Each structure stands twice: as structure tokens, then as C-alpha cells.
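# need a structure here:
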Amino acid sequence: MARSSELEAEQAWVDHAYDCLEATRRRVLRLRDLTEVGPGGTHQARLESEVVEDTIRARMAQLELGDGALVFGRIDPQGSAERFYIGRVAVADDDQEPVVVDWRAPVAEPFYRATGRHPMGLSRRRHFASRGRRLLDYEDELFDDGFGLDDIGDVDGVDPGADGLAGKRVLLRALERPRTGRLGDIVGTIQAEQDEIIRSELGGVVVVQGGPGTGKTVVALHRAAYLLYTHRFPLEGQGVLVVGPNRLYLSYIDRVLPSLGEAGVELAVLADLVPEAVGDRRERPEAARVKGDLRMAAVLAKAVADRQRPLRGDLVVGLGLQWLRCDVASSRRLVERARRRADRHNAGRRLVEQGLWEVLARSAARTEVEPAAVREQLGRHDDVRAALEWMWPVLDPAELLRDLFGSRALTRLAAAGRLDDDEQRALYQERGEVAATDVRWTGADVALLDEARALLGPRPSETDDQLRSYGHLVVDEAQDLSPMELRMLARRSLGGSMTVVGDIAQATGAWAPSSWDDVLEQLPSRHPPRVHELTVAYRTPATLLGLAARLLPAAAPGLALPRSVREHGEVPLVVASEPDRLGAEVARRAEAERQAVDEGNVAVVVPASLVEEVAAALAAAGIDHGRAETGGLDARVTLVPVHLAKGLELDSVIVVEPAAVVAEEPQGLRALYVALTRATRRLTLVHARPLPPALAGGTPCP
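Modelled structure (predicted):
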């Protein structure tokens with residue numbers, strides 16, 4: 001069969017699949033007619049109608065493809081005339097015969113995992129290159145089943161697995177598309193090493209180590225979609241949480257899971273998991289280091305215990321004609337009993353109050369007094385309230401931390417034997433006149449607020465606000481999380497099922513683990529962890545990775561770059577500038593890069609100290625541009641502070657003043673390594689200061 005005729009036949013099948021998908025949508029919407037409730041409908045009927053409506057909305061969301069293709073390939077089993085078309089969602093015809101198999105179904109696994117040595121029962125695997133519903137091309141991989149290429153005419157067959165990649169031509173075509181400012185799914189081009197991780201069993205912690213451009217983020221998101229498909233019950237009820245490093249990252253990935261038919265997954269940064277207001281201010285490195293230390297759990301526990309204390313003197317209050325008393329020894333027994341019986345601090349307040357009423361009632365000398373009468377008559381007495389607040393105050397996390405960090409005496413009391421003097425000083429924050437409820441906390445405080453909430457529990461007047469836990473957590477850029485932050489996330493895992501993603505070489509935070517063992521120490525250990533490494537870089541051409549490779553011996557000794565699929569590419573440009581012309585030079589290069597990538601996007605990655613200078617230069621040059629902090633990556637040219645660059649991919653990247661990046665960031669060389677590995681097509685360095693020694697000798701640009 002001529003190749004063009006084969007393409008037409010496949011296009012006809014794709015059109016049939018879309019027609020069946022539309023028919024499925026119509027059938028789902030017809031359910032509304034069957035459950036419509038009139039004005040006189042019963043309460044039960046209305047409830048049932050709402051349940052059906054929620055089901056309809058969820059199903060329609062699963063059937064919404066957006067810009068993604070419905071079908072992206074087929075597999076032909078050996079010795080059978082049957083074939084299976086693999087796609088984004090399962091589609092059946094009017095007779096309920098399968099037209100498209102969901103990519104997550106067991107029968108679809110060979111589409112991603114079959115190799116020449118292990119064909120998994122296939123004779124052929126066909127990859128589609130599509131734009132929407134239009135089929136542009138296809139690529140065949142033929143497996144040894146006893147016949148050769150001559151037996152199937154002029155099909156363009158290739159040996160599957162010759163270089164470890166499936167559908168390489170279709171893969172490269174997808175990789176070379178311009179970026180849109182949003183991460184796209186890879187469901188049509190998943191490779192075997194990625195699929196092994198995606199289909200890994202639910203239980204336990206799965207760690208995905210991957211260098212720049214290896215697709216670790218999309219692998220983790222596709223794994224979430226796969227787990228929801230395979231374990232719909234119980235995960236749909238328990239929930240799946242994806243935690244990212246910042247809000248720019250969340251906006252960058254927010255379309256991936258909906259494109260895979262999973263719109264109910266929760267995306268969050270750590271600050272979203274606590275109710276307190278968290279600002280954008282970056283914490284001082286020395287303070288961030290201490291606040292992330294696991295010793296802070298003991299410091300906070302001691303700070304809470306320090307607020308559970310016996311009276312300093314006897315409490316004596318009048319009731320009618322007699323005096324009631326609670327001596328110091330009795331108050332000590334009350335506090336010790338509450339410590340033994342209360343699981344969390346605020347729950348102990350009721351025990352202390354009840355005990356105090358009993359002690360005061362027993363102290364009556366003339367007549368018998370009931371504890372209830374003491375409570376009713378003395379519950380609002382100033383001396384009694386003061387005694388209770390001294391012995392066992394009701395606390396919330398913000399109050400505890402503000403008092404602890406704002407008092408050197410309280411810090412010394414809680415941290416003695418745990419933190420040294422310099423570490424204690426790093427925690428100090430002037431309290432000022434701001435109420436605890438109005439404090440704008442930093443990202444480094446979030447895990448401490450959460451730890452405090454776990455220790456304190458709700459106020460007695462509040463319902464128990466048990467923290468939300470999830471059936472599965474996906475944690476991206478996990479190498480930047482401190483031990484306290486990892487502890488916070490472990491607290492939210494119902495059964496210890498997590499997918500933890502990152503790259504040790506890209507650890508740029510105050511805490512930089514030397515290996516994944518340091519991370520795993522703080523995570524659930526009910527099942528042995530499974531550590532995978534992605535070895536192939538898809539995003540970044542080898543020419544650009546070569547420049548970043550110069551930094552690795554100093555930034556992350558012992559780690560190697562992944563192998564790039566894209567062996568050729570543009571050579572990185574290094575542009576020297578006079579100090580007073582740096583902004584203008586950046587603007588000139590931004591305009592040149594915007595034209596060079598046509599419909600693609602450009603990121604200008606800058607150290608924090610140069611953000612405003614470069615923004616002013618871009619504006620002065622008349623270059624429309626966005627700010628990553630507020631507008632995401634929707635603009636053709638976007639100004640990106642280097643600390644927000646992690647996880648992003650763009651067609652062209654301009655890295656401004658590498659020496660300043662190294663000097664200003666806590667892990668400067670690693671931050672620069674991150675910046676140099678964001679580009680998919682073109683990379684430019686613009687500098688006025690001498691380049692870091694590892695980068696000296698790059699290709700200059702006039």
C-alpha cells in the first residue's frame with residue numbers, strides 16, 4: 001500500500017474516533033434530561049440531580065482534549081489481525097466496541113515499553129504526528145515476527161530500540177515545536193525509562209532523579225494521572241496533591257493533568273497548606289538554614305512546653321464570705337496531669353480549667369462548694385483568668401512563633417542545648433506593634449507554622465481542624481526542601497505513597513542534600529523506597545548542555561549530565577558589555593532573540609540585584625515584556641529572576657551577569673547551572689563582570 005494511501009486510511013480512523021468521542025459527549029449530556037427536577041420535585045430528587053450533574057461535569061472534563069490530539073499511535077500484536085489505537089482517553093463506538101484505548105490501560109503498555117529485544121508480543125508499533133485531529137505523518141517500528149520489511153510494502157520501518165528511543169522522528173518533531181509558556185503533556189512520546197516510573201506501583205516513595213530536560217516533571221504528572229486511572233478508588237476520594245516550588249511553576253504546569261483528563265488534582269506551594277499569610281520576601285540565608293533544620297521540631301516542642309507551667313505564687317480569690325486557694329504545688333500537679341493526658345497543647349486547656357475549679361472547690365473551709373459553681377462565679381475573675389493564661393495559655397501557631405522569635409529570652413529557653421548562639425541570633429525578629437494575625441511570614445516559616453499547628457491543635461472554641469492528608473503526593477524540585485519542609489509533607493501522606501522528583505545538581509536552596517538518602521530520611525518508610533534515574537535529556541540540545549557541563553565539577557562533584565537526544569543545535573553565545581551599557585546590551589539581544597525564535601518565547605534570566613535595571617532597559621528600548629512574578633510566561637519576552645527559573649523551559653534564554661548569580665544565590669554555581677539549562681534552542685550570556693572561571697573561554701559574539 002502506498003504511504004499516502006496508508007496515511008489516508010489512518011486519517012479516516014482518526015476521524016471516526018473523533019466522531020465517536022463527540023457521540024459519547026452527547027450521551028453524557030443526555031443524562032441531564034433523565035434527571036431534570038421540576039418545580040415540585042422532592043428534596044431527595046434534587047440531591048440526586050446534583051449528584052448526577054457533578055458526575056456529568058467530571059466526565060465532560062475527562063473528555064475535553066483542548067489542543068491535544070486524541071490518537072497518537074497504534075500497536076499490532078504478532079500473529080493477529082487485531083490492532084489497538086492508543087490515545088488520550090478511551091473511546092468506544094455505538095456498539096461499545098473499543099475505538100481508542102486509554103494510554104494508561106494495561107493493553108497500551110507495549111506502546112511505550114516494547115523494544116527490539118523485548119517486543120512484548122508486538123509486530124508493529126506506529127507513532128502518529130498530529131496537529132489536533134489532522135494526521136500529519138506516521139513512523140513505524142517493526143519487530144521481528146518472522147517476516148521482513150519487504151513483506152509490508154514501502155512502509156518506512158525502523159529497528160525499534162536501536163538507540164533506546166521509540167518513535168524518534170515523531171519525538172524530535174514534538175521537541176522542536178515552539179514553546180507556549182505552558183508545559184505540555186508527553187503522553188504521545190513517553191519513552192521506556194519514563195514509562196517504567198509512570199506505571200510503578202502505588203505504595204511507598206518513588207524518587208525520580210533527572211538532570212536538565214529529562215522530563216522528570218511531566219513523568220511525575222503522568223504518573224499521577226496513571227495512578228488515578230488505575231486506583232480510582234480510593235485515590236479519587238483521598239485526593240492527590242502536587243507540590244511545586246513557586247506559583248510561577250504552578251501556572252506553568254497547570255494544563256498538563258487536565259489535558260490527561262484529570263482535572264481534580266490539587267496543585268499547591270507549601271504556603272497554600274497553612275492559613276497564615278505568607279509574603280514574597282526571601283528569608284535571610286542564615287535564618288532559612290536554621291528554620292529548616294530538623295532540630296527546630298524539638299525547639300518548638302520545648303517552646304510549647306515552656307508555656308505549660310505552675311503558678312509562681314498561690315492563687316487566692318474570694319467566693320462569698322470565704323477565700324478559695326490553689327497553691328503552687330497543686331498548680332504543678334494540674335500542669336503535669338494535663339501534659340500526660342492531652343495529645344495536643346490546646347486540648348489540655350480544658351483539663352487545666354476543670355482541675356482548677358476542683359482545687360478551688362476543695363479549698364473551701366466553711367461550706368461545700370461544687371466545681372460547677374466555682375466555674376460559674378469565678379470563671380471571668382481577672383485573677384483566675386490570669387492564672388489560667390499563665391499555667392496553660394491557648395495558643396495559635398502565629399502567636400507562638402511571633403513570641404518565640406521576638407524574645408531572645410524565650411529563644412534561649414527553648415533552644416538551649418539544641419542551637420548555638422549564632423543560630424539563636426539568626427532566629428530573632430523584631431516584633432514591633434504588628435499583631436500576630438497581621439504578620440507576613442516568609443516561605444522559611446511555613447514548615448514551622450505547620451509544626452506548631454500539629455503541636456497545638458485547634459483552640460477549644462474551634463472545631464478540630466485536622467490537616468488535610470492525601471492518598472498520593474507529587475513533590476517536584478524536592479532537592480530544595482529543608483528537613484522541616486519534608487517533615488511537613490510527610491505529615492500529609494495517608495499511606496506513605498509519594499512521587500519525589502528533582503536533581504541533586506540543581507539544589508539551590510539553603511539546604512542542599514548530598515544525596516537522595518538525605519531526603520528519604522524525612523519521608524515515610526512503610527515500604528522500601530524506589531529510586532529511578534532518567535538518563536536522557538529531551539529538552540536541551542547537546543551544544544547547550546556542553547556549556548553547563550563546565551560547571552558540574554565545581555557545582556555538583558560526581559554527577560554527570562544526561563545524554564541529549566538532540567545532538568545538534570545552536571552554539572551558545574557569550575556577549576561582553578561595558579558596565580554602564582549592560583541593560584542596553586541585554587535589550588538589544590532580547591530583540592534579536594525574539595526575531596530569531598519567531599513564534600517561540602524568550603526569557604531574560606537575571607540576578608535579583610539587576611531585575612529593575614534590566615526591566616527599565618527593556619522598557620526604554622520599546623520591547624514589550626512580561627514579569628514572571630506577575631504574568632507567568634505568557635509574553636513573548638519575559639523577565640525571570642533566577643530563583644524562579646527552575647523547572648521552566650523556553651525557546652531562547654538570555655542569562656544576565658553570571659558572576660552576580662553566583663555571588664548572590666545561596667548555591668550560586670548551582671543556580672547558574674539551572675539558568676544555563678532552561679533553553680530548548682538558543683542560549684546567550686551577557687556580562688560586564690568577568691565570567692566565573694568555569695565558563696571562561698565561551699564562544700564570543702560581536
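
# quick one, phi psi at residue 22?
Note on residue 22: its backbone torsions stand at phi -60, psi -40 [degrees, to the nearest 10].

# please apply the same query to residue 317.
In this entry, residue 317 is assigned phi and psi values of phi -140, psi 150 (degrees, to the nearest 10).

# you'd agree it is up against residue 379?
No - distance between residue 317 and residue 379: 11.2 Å, which falls outside the contact criterion (Cβ atoms under 8 Å). (Glycine included, C-beta is placed from N, CA and C.)

# and those two? Which one has more around it.
For residue 317 versus residue 379, neighbours defined as other Cβ atoms under 10 Å are more numerous around residue 317 (18 against 13).

# how much space separates that one from residue 548?
With the distance defined as Cβ to Cβ, to the nearest Å, residue 317 ends up 72 Å from residue 548.

# what does residue 422 give?
35 Å.

# likewise residue 363?
Using Cβ to Cβ, we find residue 363 at a distance of 75 Å from residue 548.

# who's more crowded, those two?
Looking at residue 363 and residue 548 with other Cβ under 10 Å, you find the greater number of neighbours at residue 548, namely 26 against 20.

# quick one: contacts for that one?
For residue 548, the contact set (Cβ atoms under 8 Å, 6 or more residues apart in numbering) comprises 212, 540, 561, 673, 676-677.

# now it: which helix or strand?
With elements taken from DSSP states H and E, the one containing residue 548 is helix 542-549.

# how about that helix as CSV, C-alpha atoms only?
Written as CSV, here are the backbone C-alpha positions of helix 542-549 (Å, rounded to 0.1, in the frame of the first residue of the first chain):
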residue,chain,number,x,y,z
ALA,A,542,23.9,18.8,23.3
THR,A,543,25.6,22.1,22.3
LEU,A,544,23.9,23.9,25.2
LEU,A,545,24.4,21.2,27.7
GLY,A,546,28.1,21.2,26.9
LEU,A,547,28.4,24.8,28.3
ALA,A,548,26.5,23.8,31.5
ALA,A,549,28.7,20.8,31.9
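
# state the next helix or strand along the chain beyond it.
Assigned by DSSP H and E, the successor of helix 542-549 is helix 552-555.

# chain center to that following helix, what's the gap?
Here the centre of helix 552-555 is set off from its chain's centre by 26 Å, with Cα atoms, centre = their mean, to the nearest Å.

# could I get the average pLDDT for it?
Looking at helix 552-555 alone, the average pLDDT works out to 87.

# that helix: which residues count as buried?
Taking 16 or more other Cβ atoms under 10 Å as the neighbour-count basis, helix 552-555 is seen to contain the buried residues 552, 555.

# for the nearest residue to residue 510 once chain neighbours are set aside, give its distance to residue 400.
If you skip the residues right next to it in sequence, residue 510 has residue 288 as its closest partner in space, 3.9 Å away by Cβ to Cβ, 6 or more residues apart in numbering. Separation of residue 288 from residue 400 (Cβ to Cβ): 19 Å.

# which one of those two is surrounded by more residues?
Applying other Cβ under 10 Å to residue 288 and residue 400 shows that residue 400 carries more neighbours, namely 25 against 21.

# got the contacts of residue 548 as a markdown table, with secondary structure columns?
A markdown table is the format used below for the contacts of residue 548 (DSSP: H, G, I helix; E, B strand; the rest coil):
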| residue | secondary structure |
| --- | --- |
| 212 | coil |
| 540 | coil |
| 561 | coil |
| 673 | helix |
| 676 | helix |
| 677 | coil |
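
# closest one to residue 256 out of those, please.
For residue 256, the nearest member of the contacts of residue 548 is residue 212. The distance, counting by Cβ to Cβ, is 18.5 Å.

# buried ones in stretch 487-507?
Of the residues in stretch 487-507, those buried (16+ other Cβ under 10 Å) are 487-493, 495-507.

# of those, which belong to strands?
Judged by DSSP state E, strands contain the following of those: 498-502.

# next secondary structure after the helix or strand of the chain at the bottom of the mean pLDDT ranking?
Within the chain, no helix or strand scores below strand 157-158, which has a mean of 49 by mean pLDDT, DSSP states H and E. The helix or strand immediately downstream of strand 157-158 is helix 168-175, counting by DSSP H and E.

# return the list of helices and strands in contact with the following helix or strand past that next one.
Once the chain leaves helix 168-175, the next helix or strand it forms, by DSSP H and E, is helix 192-198. Applying 3 or more Cβ pairs under 8 Å, 6 or more residues apart in numbering; DSSP states H and E, one finds that helix 192-198 contacts helix 109-113, helix 216-230, strand 530-534.

# of the ones you listed, which stretch is the most buried?
Of all the helices and strands packed on helix 192-198, helix 216-230 has the most neighbours on average by mean count of other Cβ atoms under 10 Å, namely a mean of 23.

# starting at the chain centroid, how far to that one?
Relative to its chain's centre, helix 216-230 lies at 13 Å (Cα atoms, centre = their mean).

# next, the angle strand 530-534 makes with that helix.
Following axes from the mean of the first three to the mean of the last three Cα atoms, to 10 degrees, one obtains 130 degrees for the angle between helix 216-230 and strand 530-534.

# who touches helix 216-230?
Helix 216-230 is contacted from outside by 102, 104-105, 183, 185-187, 190, 194, 197-200, 202, 206, 208-210, 235-236, 240, 242, 253, 256-257, 260-262, 265, 472, 474, 476, 499, 501-503, 534, 647, using Cβ under 8 Å, 6+ apart.

# buried subset of those residues?
Restricting the contacts of helix 216-230 to buried positions leaves 102, 104, 183, 185-187, 190, 194, 197-200, 202, 206, 208-210, 235, 240, 242, 253, 256-257, 260-262, 265, 472, 474, 476, 499, 501-503, 534, 647, with burial counted as 16+ other Cβ under 10 Å.

# nearest to residue 581, of the helices and strands packed on helix 192-198?
Each of these has some distance to residue 581 by Cβ to Cβ; the shortest is helix 216-230, at 37.1 Å.

# which parts of the following helix or strand past that closest one are buried?
Following the chain from helix 216-230 toward its C-terminal end, the next helix or strand by DSSP H and E is helix 232-238. For helix 232-238, a neighbour-count test (16+ other Cβ under 10 Å) marks 235, 238 as buried.

# gap between helix 232-238 and the chain center?
With Cα atoms, centre = their mean as the basis, helix 232-238 stands 20 Å off its chain's centre.
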